[in-house]
Structures are given as structure tokens and as C-alpha cells.
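A.B. asks: got a sequence here, can you build the structure:
(chains A and B)
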Amino acid sequence: MDRFNLNSQLEHLQSKYVGTGHADTNKFEWMVNQHRDSYASYIGHHSLISYFAVAQNESIARVKFEFVEKMLQPCGLPVPRDE
Amino acid sequence: MEIDELSQQQTKRLTSYTAPAEVYEDLIGSDDDVDPFLQRTGSRRIVDRQSEYHARRLNRVISPERNDPFAENESKDESRSYADVMREAELEKEEQRIMRELEKKKKEAEKKAKEVTVEQATTQKKRRWDMETPVEAKQTSEWSKPDDESSVGKSRWDETPRVSEDVEMDTPRKRSRWDVTPQVSAKKSRWDETPTHPVAQIGATPVGNLGLLTPTPGHLIPMTPEAQRWEKDLDARNRPLSDEELDSMFPSTGYKILDPPAGYVPIRTPARKLMATPTPMVDGFVMLEEDRTQNYDLPAEIPGVGNLPFFKQEDMQHFGKLLEDKDESELSVEELKERKIMRLLLKIKNGTPPMRKTALRQITDKARDFGAGPLFNQILPLLMSQNLEDQERHLLVKVIDRILYKLDALVRPYVHKILVVIEPLLIDEDYFARCEGREIISNLSKAAGLPTMIATMRPDIDHVDEYVRNTTARAFSVVASAHGIPALLPFLKAVCKSKKSWQARHTGIKIVQQIAILMGCAVLPHLKNLVEAIAHGLEDEQQKVRTITALAIAALAEAAAPYGIESFDSVLKPLWTGIRKHRGKGLAAFLKAIGYIIPLMDAEYANYYTKEVMIILIREFQSPDEEMKKIVLKVVKQCAATDGVQPHYIKEEILPEFFKNFWVRRMALDRRNYRQVVETTVELAQKVGVTEIVGRIVEDLKDESEPYRKMVMETVEKVVSQLGAADIDTRLEEVLIDGILYAFQEQTVEDIVMLNGFGTVVNALGLRVKPYLQQITSTILWRLNNKSAKVRQQAADLISRIAVVMKTCGEEKLMGHLGVVLYEYLGEEYPEVLGSILGGLKSIVNVIGMSSMTPPIKDLLPRLTPILKNRHEKVQESCIDLVGRIADRGAEFVSAREWMRICFELLDMLKAHKKGIRRATVNTFGYIAKAIGPQDVLATLLNNLKVQERQNRVCTTVAIAIVAETCAPFTVLPALMNEYRVPELNVQNGVLKSLSFLFEYIGEMGKDYIYAVTPLLEDALMDRDLVHRQTACTTVKHMSLGVFGLGCEDALLHLLNYVWPNIFETSPHVINAVMEAIEGLRVALGPTTVLQYVLQGLFHPARKVREIYWKIYNNLYIGAQDALIPYYPRIEDDERNNYERYELSMWL
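C.D. replies: Numbers count the residues shown, from 1 in each chain, chains lettered A, B, ... in the order given. Okay, the predicted model is just below:
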């Protein structure tokens, strides 16, 4: 179990998940992941989605649809990376 | 009387005094000088272990690249098209045919000539009546002929590596190679001809060689690297003297340098040159030893590559160019590329692992820049090299695999080249090589596409060499699995129906067979198509095609089982007519196919067809051929297993013949036959019952042949263990017990089979054994007294097998008696036997209980204490098992002092190599502590923490944890924590480790002890020693996981503050432990708390900080993605993007 191997194993595991980050992740990327996770979570919890529906005076299906749509570009256009 | 003694003494006197034979055997056995790597020291080259068949791969030529009809900008003028290749293949085939024809004519002419002489001879002298009729050289039977299609065994490897007939024709054996002058023949068989050197322009018969026909060794190309080295050395010494050298040798004055005569031409042909100055080859025998100085002309460092672990002479051939000192700026782009690839390949092949890794990455990344041509032109010759080793092959294959991905469609012109090199992997003996080969071919076919693959491999399908056809068929099956069977089906159908050559049909059908073997039940959706594609092959005019078709059908049926019978409808009839028409090998294949189809049928049909095929099978029972026997046995087994076959049919029709032909002594001698017979008999027994089978063979338990008795015993054991003994009547029971006792007593080769058989039968009979127990026991007692250690051991082993039955039969008294006897034999000196005796005692104790045990426990245990010192593993294991059992169930029979004595002995057992022993020991500590209270045991264990050996300490800590678990933690914790004050690293670490195990074992109970140990952990987490912190982190992990949800958050949060600074550790074990502790705390404290810690460093200016924080964040995220949603920090929008999550601020 050398140092190299250990880290690479863990990193490999982590890299299999979309929402994970690394030292060079910027604010925009991190936030996009947060937003997408949030929408997924709202859609997954029925009580939450019905709460939002009531608050917005919309049907549940409409709210759900909007959330899914918003997942496309939740924070607007991407920020160009400064290399 | 006196004289008698005297003579005895005299005979006793030996010529020399020496130790008994056993001592020597012992010494030899324990020889430390045995080199465990002896087998590895031999050549590791692949060629050296390959059979002649496998070595045929070297005969193949890496063909020039072909054009890619799918490429956009094709340049058809240079490369060959499909039509060209097909034409070439035709040409080659025609050439082979003519060669064969010529060969045949020549043979006929010879034969005729011979006949004439024979005729003359016979007319001269009349044959006498008593002389034997001259027998024509007996036609070798179909069976003894090597045949490539007889894959009768299940293994795929025994079918091919045989010489096929048509190849044999190419190299006639008759011709003696010694009476002909070697000459270059058109045929390129490498072995018959004198090696010629086209470059050196040496003729087949060397000129100027004193008129001898045999070539002088000096002319031959050196075959081995040693010879190359040696020749090089010679060359260096024999090179012509240069002008400078001559100048330095001759005096400068008084001489004049003359011009050479006008007509002088120096000799250039090496052959004559060498002969001009005869050099002594070697002076006598030279020891070939590995001499490091031999590498004097091998570079330690290759320019541009760096230091390599090794660079072999053989590598010079490929990588020699790298050594030429050239100015890189003068080289063309192509040359530069070539050198670059060469360097990378050399690094991959010979480099250290890190070097290899970077080189592999580079070559992959730049694959498209380098281009397919330059890459494969270097890799493939390397793979074909004679001196390739396994590791090198593996690495190069890996390179190909990686670059295939990158090159994608660019590989098309090189597909055939790659196949030539990779196909041999498909029939390698090594399983992993085969897998590797399959993977590469699969990737290759995905990269190149199906049309290219078919176009490339089509010419090889009816290649003259069986080897090429065989490997091509296998490669095709891989292509089929990569692209799906439907894509390949039309092609397969066409090939299987080929009118042009039977070879093509044969290969096509073989492809189907290989597909079935490779893909298993995945053939089901296409079964009907596949079967129909090959069905006509059963009535082919070529015997070989018929055989392979039957085998392919067998493979398909095996893959499809238990479904798909309807797909085989079309072949049933030809199969059935086939088994009547065929004999020998063909019949075997047909029977095999039927054997695999019958289990798919429903009961009624299976019954009918079994009856049909059985006639043939029974006839073939008598076949002397081994392969046929195996197939027949297998088919009988398969038929008997189907539902429709009636027991009475088997009883009346099959059994008599079956027993007559297979239950004979000879069958027990061959391992594979033996197994088949046993399996088939057991299968038959499932149908006809125990009595029928056992009744027939039981008498043979007293047979004089021991292997045969073993076969009978194994069958009886299997039958009885599967079907029970309820069927066995009193008469049979008597004979059976009698036979088993006889077989058991008469065995000379110790084998587990007899013991198992005895145990199984006795246990199956249960209460019915009672009348025989007396007899069995007396046999055991008698044999316990035997001179031979093995006999004693088996007797003791038998006791442990039958102890349970004895109890069932209510023979406590008998068992008591046995117990006493075993107790008396505890002085046994052979450790194997002693181990068995202890095992016997344990089984008796287990069965009759502690209180009624004779000898009483209080006598038995003190006798066991010294045995614990024994170092033999078997003794240790049996002894600790027995002691642990007593400590568990009957601790009260022994005084506390005795238990303490045992505790001390047990400490030594923690050193044992076998894990089972250490585990049993640690558990025994727990039992003892439970029996006599933890204080004394704990003191002993804590003292043991001071020892040096790590394993011993680890086991001690485990034991402490177990004691704490069995006697409640509060009895142990104070003493344990007190021990932490000892200012000694090992002790403190031991205490921490015990705590870690303790909290792991007690789980929820830990909530009462957290506050007690927190100060200790605080201290440990701040210690300077890494291991302290590591172990403390592990403790925190177990603790937090144990108390999750039990309201200990305050203490855990406190501990998190101590754990957190350790996240910057770099030592792998420590950082691992820290990460796990944080994971544990994440569970116990909730992800939010940890998230607040993590947020501090995610965007830290220092990369090193960010790296570890993101790693922790990722762990957190994977573990509790959903739970984090409400707790992400609120980020305000900027002018460009909106980051606020507005939904969360909705309020109702």
C-alpha cells in the first residue's frame, strides 16, 4: 500500500461521481453542481416539491418540469477558465 | 541358546555405523539449500516452453499492409487490395498443391523402383513356409493418427496442438536428411535446409570449404546470443590491421610503403575471407558462466533513455540504432519519429515501473502523431522475436491495446499484421495470455469495423496450414462476440456452405463451435440460425467436416442447456443416422453431440432417444480407445440424468454391461477414467437407488487391487452421502461394514478417501451400526497400538469421525473406554499422530460432555498443558481447540492456578504462523478470563505488550479486547488506561490498539465509556508519534460508528477538533486512518458539522491545502449527497451568474 497507489485508488473512486471536485474546481463549477444536486433533491422529495408548488401557485408537474429545465444551465453561462 | 544369541549378534553387526534411514530422510526433507526459485532460473523465454504446434506461429509472415477501402483519401497504388491478397492466397495454395503432387509422384516412382527390386528378390528366393508373411507396413488406425479436430475433452487446449495430416504431407518423414546435399528448395521449411545467408552471399553448399559438403560452423549464422557474442569477439581480434596500426608496428625508417599492384582486388566475400585465415575456434571447453564483465560492450545508459535496469544482447537487434551517436538535427522527421518510438518502447520493455508508466502514457498520447505505420512496424517485429519473455510480451500487448483506442480507424491497413502476432495468444497455455489476446482482438475489431475484419481474415479461412485456420477460427469467434452474432451470421452461413474447399467449411463450422464456447448462453437468441448454418456439415463428404460439425453441435447444446431443444430439430435425424454409419473418431464426436442434446429434451423424447443411442453406447462399452471410453461414460451420465429414462430400463439394459466393462481394475489406474467412472456410477445410482449399485460393487471392497478398492470406496461414499442408507438391507449392511473394515485395514497408501468413506457410511447407517460398534472399536484399539505411525493416526482420525454415531447408539461406556485409551496415548511422539489423538479426544469430549468424560477433566487438562508447548502446527491447533472447549464448557473442573499456568503457555501460541491457531488462542483467553475473572489474565496480557514482536503484540491487544468484551469493559478499562502511563511506545500503542478493538467489538455499549477514555485519546491525538495518532484515529472511528445516534455528540465533536489538524499528514497509513475517523464522525455528527470544517479550506490559496480539503469534501459528498443540500453556504449572485438558490427562501 504505497502512497501513490492509495491516493490514486481513492481519487479514482471519487472521480466516478459527477459532483466531486478537485483542487482546481472553481466557484462556478462547484455552484453548478450544487444547484443540480439541489434540484434533483427537490424533485426526489415529494413534500418539498409540493411545498414549492403551493408557494408559487403552480401545479406540481409544472414545478417539476421547470426544475428539470433549470438543471441545464442553473447558474447561467459558464465562466471562462483562466489558465 | 547361547549360539543362537551369538549368531544374532553377528548378524546385527553392520559393515558401517550410520544413522537410521528416517534421520536421513528427515535431513533431506528439511534441506535448506533447496532453491525455491529453481524452476524460475531456467529460460523464461516463451519459445522455450512452447510445443512444436505453438511454435508454428513463427512461420507466419507479417504481411505488408493492405489498403483501407473505407479511407477517404486512398492511395491504392502502393498497398495491396483484398483482390491482391486473395490472389496471393490462391497462388500459395496452388503452389502447395503442386508441391504435394510432385512429392507424390516422387514417392510413387520410389515405390515402383522398390517394387521392382523386391520382385527380383522374391523370384530369386522362394518364401519358406515357416517365415512370417511379410506384413505391409500396417496402416495406422484412425485412432492413432493425430487429428486436430478431436476435442473430446472439455478443455479447449487438448484439441488443437497436434499435427494435422495435410501438413504432414508437406514434410515427408521418409526422406533422410543426411544423405542429401543440402540445397535450397522452393519450399520454405526451415529445418531441412542448410541455413543460408543471403547478405553474406554464402551458397547452400559453402564454396571453398575444402570440398566438404557439410557446412563449416563458421559460416552459419550464430543461432544463440552466446554465439553472437563470441563471434563478435572473434571478429574484433581478426579484423584487418589499419594503416595507423601498421605504422606503429613497423619502424618508420628504412622501409618504403609500396602501392598495391594494379590488378589487385581485395577479397570481399566473407566466406572465403574467413577460410583464408583459419582461426582456432575455441581452445577446448569453455565454461559458460554468467559473467558481468561480459556486458562490456553493452551500454549501461542509452542516450535519451536514461539508466535501464537491464539491456540484453538480444535487444541490440531491435534497439541498436539508438546507440549510434547521431546529431539529431541532421535527421529527417521520419527518422526522428522512429528513434522516439524506439526509445519509448525500450523504456516500456526494459524500464523501471515509473519509467514504463510515463513512457506508456506518452506513446498513447502521441499515438496519432506517430501514425499507425511507424508504431506497428516497430512493435510487431518485437512481438515476433525469438527471445521474447512473458513479461515483455505482456507489456507490448498492453501497448498495442492502448494505442488501438487512439488510432481507431487508422489501424485498418495493419489489421492482418496485428492478427498474425496476436492470434497465437488465443491458444497459449496461459489463461491470462488468452484473455489478453481476446481483449486485443475484440478492441481491434471494434476499431477497424466488421467489414475490414472479414476482408482481412477471409483469405486465412482456407489457408493450407491448419494452425492458421485454427487461430483464425478462434479470432473470428472473438470478432463475433465483439460485433454480435447477427452481424456475422450471413458471412458464417456463406463460409459454412463454401463449395470451393472443405477447409473453408471446416473453419466456418469451427468458428461456430468457438462462438458457443466463448459466449455460453448468449448464443441462445441465435441458436436456430447457428444450428442451421452448420447442419449440412453432418453429411459432408469430408470426414473432418462431419466430425467438427458434431463437435460444434455439442458445444452449442452445452452452451444452450437447458433450453433450445427446438433449434436442434433439424440435426436430430442426421445425428441419428450418423451414429449408425460412423466408426471411430467420427462416432465419438456424434455420440458427444447426442449426449449434450438429450438433456435438453423433454422426458418422453429423452427416454426414446436414450434407448436408441444406448444400443450403440453399449456396443462401444468395449471399445479399447480411451477417448471413446470417456465420451461413452459422459453420454451415459447425461442420459441417465434426464427425467424420461426409467430406472428399470437402466437396471436391465445398462447396468449389466456397464459393470462388466467399466468396473474393472484397469479403470482405476488412470486418474481421468477413474473420475469419470465414479461420476457416472453415482449418476446411475440417483436413478436406480443405493442397493442396486452398492450391491454390485460391495464385494469389490475386498478386491486385491488397492486403487480399485479405493474407487469402490469413493463411489460407495458418494452414493451413500447423496442417497442415504435407508435402502440398504441387513444382509447388504453386513457385507458393507465387513468390506469397509477390510478396505480400511488393508490400505497401504494413506488416503483421505478410505477415512471419509468409513465415516460417511457409519454416519448414514446411524443406529444400525450398533451391533458392529464393538468390532469397529476393537479394530481401532488394535490399530492404535500399531507400529506404523500412519496406522495409528488413521485409527485416531476414525474416532473423531464416528464419535457422534457412537453417542447415537448409546455406547457411552465404549466411548469412555476409548477416551481413556487416547489419554494414555498422549505421550505419542509423532506430532501428526498426536494431533489426531487430540482431535479424537476433542470429539469424544464434545459428544459425551464435560461432566461424564473419562478421564475426568481435572486429570486431562494438566496433561494437556505441556503439550501446548509443542511447536507442530497440527498439534497446536488440535490442542488449543480442546483446551478452548474445556475452558468454555468445563472451566470449573480445573483450579484457577492451572488456568493461569495455561495462560502463560498460551502467550507463546500467539506466535503461531497459522491464523486459525492464533484465533483459537485469543478466544481461549476470553473463556479463561470468564472462568477465573479478568484481573490475572489481564495482568498477564498487559505484561505481554512489552515484547518486541509485532504480531505477538497485535494478538495480545486482540486478546485484551476479547477479555474486555466477555467480562464487561468496566472490569478491564481502568487497568488498561493505567497501563497507558507506562512511558514506553509499544505499550502505549498496544493500549490504544486494544481500545480500538474494544470499541469495535462492544459497539453500542461504548456510549458508557466514551467520556472515560476521551482524555486519553486527546493525549494520543496530540502525541508526537505518528502511530499514536494513527491508532487513536482508528479508535475514534470505531467509537463514533458504535455510538451513532446515542447522544454522545459533545464528546465526539471535541475529538473531531483533535483529529482535524492531522489531515495534512502524508504517511499513507496515518492519512488513511484520519480519513476514516472523519468518515466515522460524519456518520455520528452528521455531514453538516463536517461540512462547516471543510468549507474553510476548499478555496484556500495554497494548492496543497485545497487538495486535501477537496478530498475530504468528495468523501463527504459521496457519503451524504442529499443531506448536504440545505447546508451549502449562501452565495450571492454576481453580474454574470446567479448563484443564489432562490427556492430555499420561499416562505409560506
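
A.B. asks: quick check: buried residues in stretch B:954-966?
C.D. replies: Buried residues in stretch B:954-966, defined by neighbour count with 16 or more other CB atoms under 10 Å in any protein chain shown: B:955-966. C-beta here means a position set from N, CA and C on the backbone, and glycine is covered the same way.

A.B. asks: I'd like those residues as JSON lines, with secondary structure, distance to residue B:332 and pLDDT appended.
C.D. replies: Below are the buried residues of stretch B:954-966 laid out as JSON lines (DSSP: H, G, I helix; E, B strand; the rest coil; distance: CB to CB, whole Å; pLDDT from 0 to 100):
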{"residue": "B:955", "secondary structure": "helix", "distance to residue B:332": "68", "pLDDT": "88"}
{"residue": "B:956", "secondary structure": "helix", "distance to residue B:332": "71", "pLDDT": "90"}
{"residue": "B:957", "secondary structure": "helix", "distance to residue B:332": "69", "pLDDT": "91"}
{"residue": "B:958", "secondary structure": "helix", "distance to residue B:332": "69", "pLDDT": "88"}
{"residue": "B:959", "secondary structure": "helix", "distance to residue B:332": "74", "pLDDT": "90"}
{"residue": "B:960", "secondary structure": "helix", "distance to residue B:332": "74", "pLDDT": "92"}
{"residue": "B:961", "secondary structure": "helix", "distance to residue B:332": "72", "pLDDT": "90"}
{"residue": "B:962", "secondary structure": "helix", "distance to residue B:332": "75", "pLDDT": "89"}
{"residue": "B:963", "secondary structure": "helix", "distance to residue B:332": "78", "pLDDT": "91"}
{"residue": "B:964", "secondary structure": "helix", "distance to residue B:332": "77", "pLDDT": "90"}
{"residue": "B:965", "secondary structure": "helix", "distance to residue B:332": "76", "pLDDT": "88"}
{"residue": "B:966", "secondary structure": "helix", "distance to residue B:332": "80", "pLDDT": "88"}
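
A.B. asks: ok, which stretches of chain B are strands?
C.D. replies: B:301-302, B:306-307 (DSSP state E).

A.B. asks: which of these has the lowest average pLDDT?
C.D. replies: Among the strands of chain B, strand B:301-302 carries the lowest mean pLDDT, at a mean of 69.

A.B. asks: before we move on, the earlier item: among the strands of chain B, which comes closest to chain A?
C.D. replies: strand B:306-307 (20.0 Å; CB to the nearest CB).

A.B. asks: what helices or strands is that closest one leaning on?
C.D. replies: The contact analysis (3 or more CB pairs under 8 Å, 6 or more residues apart in numbering or on different chains; DSSP states H and E) places strand B:306-307 against no helix or strand.

A.B. asks: make CSV out of the strands of chain B and add mean neighbour count.
C.D. replies: Converted to CSV, these look like this (neighbours: other CB atoms under 10 Å in any protein chain shown):
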stretch, mean neighbour count
strand B:301-302, 15
strand B:306-307, 12
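
A.B. asks: of the ones you listed, which is nearest residue B:905?
C.D. replies: Taking CB to CB, strand B:306-307 is the member of the strands of chain B nearest to residue B:905, at 54.6 Å.

A.B. asks: ok, the closest one: who's next to it in the sheet?
C.D. replies: Under the criterion DSSP bridges, strand B:306-307 sits next to strand B:301-302 (antiparallel) in its sheet.

A.B. asks: make JSON lines out of the buried residues of stretch B:954-966 and add distance to chain A.
C.D. replies: Putting these into JSON lines (distance: CB to the nearest CB, whole Å) gives the following:
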{"residue": "B:955", "distance to chain A": "21"}
{"residue": "B:956", "distance to chain A": "24"}
{"residue": "B:957", "distance to chain A": "21"}
{"residue": "B:958", "distance to chain A": "21"}
{"residue": "B:959", "distance to chain A": "26"}
{"residue": "B:960", "distance to chain A": "26"}
{"residue": "B:961", "distance to chain A": "24"}
{"residue": "B:962", "distance to chain A": "27"}
{"residue": "B:963", "distance to chain A": "30"}
{"residue": "B:964", "distance to chain A": "29"}
{"residue": "B:965", "distance to chain A": "29"}
{"residue": "B:966", "distance to chain A": "33"}
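
A.B. asks: residue B:615 is nearest to which of the strands of chain B?
C.D. replies: strand B:301-302 (72.6 Å).

A.B. asks: sorry, back to before: export the strands of chain B to TSV and tack on distance to residue B:943?
C.D. replies: Below are the strands of chain B laid out as TSV (distance: least, CB to CB, whole Å):
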stretch	distance to residue B:943
strand B:301-302	57
strand B:306-307	52
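
A.B. asks: if we can go back for a sec, which of the buried residues of stretch B:954-966 sits closest to residue B:892?
C.D. replies: Using CB to CB, the buried residues of stretch B:954-966 come closest to residue B:892 at residue B:966, 16.1 Å.

A.B. asks: so that closest one touches residue B:926, yeah?
C.D. replies: Yes. Between residue B:966 and residue B:926 there is a contact under CB atoms under 8 Å: 4.4 Å.

A.B. asks: now do the contacts for residue B:709.
C.D. replies: B:700-703, B:743, B:746-747 (CB atoms under 8 Å, 6 or more residues apart in numbering or on different chains).

A.B. asks: how much space separates it from residue B:742?
C.D. replies: Residue B:709 is 8 Å from residue B:742, where distance means CB to CB, to the nearest Å.

A.B. asks: what do those two both touch?
C.D. replies: Common neighbours of residue B:709 and residue B:742, counting by CB under 8 Å, 6+ apart, are B:701-702.

A.B. asks: and of the strands of chain B, who's closest to residue B:444?
C.D. replies: strand B:301-302 (30.8 Å).

A.B. asks: residues in contact with residue B:367?
C.D. replies: Neighbouring residues of residue B:367 by CB under 8 Å, 6+ apart: B:375, B:402-403, B:406-407.

A.B. asks: domain map for chain B?
C.D. replies: Domain assignment for chain B by the TED database gives B:303-483, B:894-1003, B:1006-1147.

A.B. asks: give me the pLDDT for the spatially closest residue to residue B:985 that is not a sequence neighbour.
C.D. replies: Excluding its sequence neighbours, the residue lying closest to residue B:985 (CB to CB, 6 or more residues apart in numbering or on different chains) is residue B:1025, at 6.4 Å. Note on residue B:1025: pLDDT of 94.

A.B. asks: what about residue B:1025, how many residues nearby?
C.D. replies: 12 (other CB atoms under 10 Å in any protein chain shown).

A.B. asks: what's the distance between residue B:725 and chain A?
C.D. replies: 53 Å (CB to the nearest CB, to the nearest Å).

A.B. asks: residues contacting that residue?
C.D. replies: Contacts of residue B:725 (CB under 8 Å, 6+ apart): B:690, B:733, B:761, B:764-766, B:768.
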